[in-house]
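# take a look and give me a structure for this.
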Amino acid sequence: MINMQKLNLSENNKITNKGIKKMINMEKLNLSKNKIITDEGIKEMINMQKLNLSENNKITNEGINGMINMENLNLCNNDKITNDGIKKWRI
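Numbers count the residues shown, from 1 in each chain. Okay, the predicted model is just below:
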């Protein structure tokens with residue numbers, strides 16, 4: 001799976017930060033509804049084109065801090081993401 005470009009891991013409550021940390025070269029990744037994932041697991045994913053982090057209640061502004069060049073980032077229903085987390089993006 002070294003050359004995999006797209007992966008859907010949605011609703012996998014056994015996926016952890018350790019499991020996703022090295023997926024930094026993935027182009028499209030769906031991590032929606034994964035209740036265990038935190039900022040630690042996603043902070044290096046700054047070059048990804050499309051990332052779905054919806055309904056991950058442990059993701060905060062700190063975790064998305066470097067994702068300013070992302071083409072498509074879904075953060076729906078993440079209570080810990082605020083205006084401060086997205087204010088540096090050019091929208």
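# by contact count, what packs against the helix or strand bottoming out on mean pLDDT in the chain?
Ranked by mean pLDDT, DSSP states H and E, the helix or strand of the chain with the weakest confidence is helix 83-86, at a mean of 89. On a contact count with 3 or more C-beta pairs under 8 Å, 6 or more residues apart in numbering; DSSP states H and E, helix 83-86 meets no helix or strand. Where you see a C-beta, it was placed from the backbone N, CA and C, and this is true even at glycine.
# give me the buried positions along it.
Gly85 (16 or more other C-beta atoms under 10 Å).
# what does that helix contact?
Identification of contacts with helix 83-86 by C-beta atoms under 8 Å, 6 or more residues apart in numbering yields Thr60, Asn61, Glu62, Ile64, Asn65.
# helices - which of the residues you listed land there?
Assigned to helices by DSSP state H, none of the contacts of helix 83-86 qualify.
# just the buried residues of the residues you listed.
Buried, going by 16+ other C-beta under 10 Å: Thr60, Asn61, Ile64, out of the contacts of helix 83-86.
# Asp79: which of those is nearest?
Nearest to Asp79 among those, counting by C-beta to C-beta, is Thr60 at 9.6 Å.
# great, nothing more from me.
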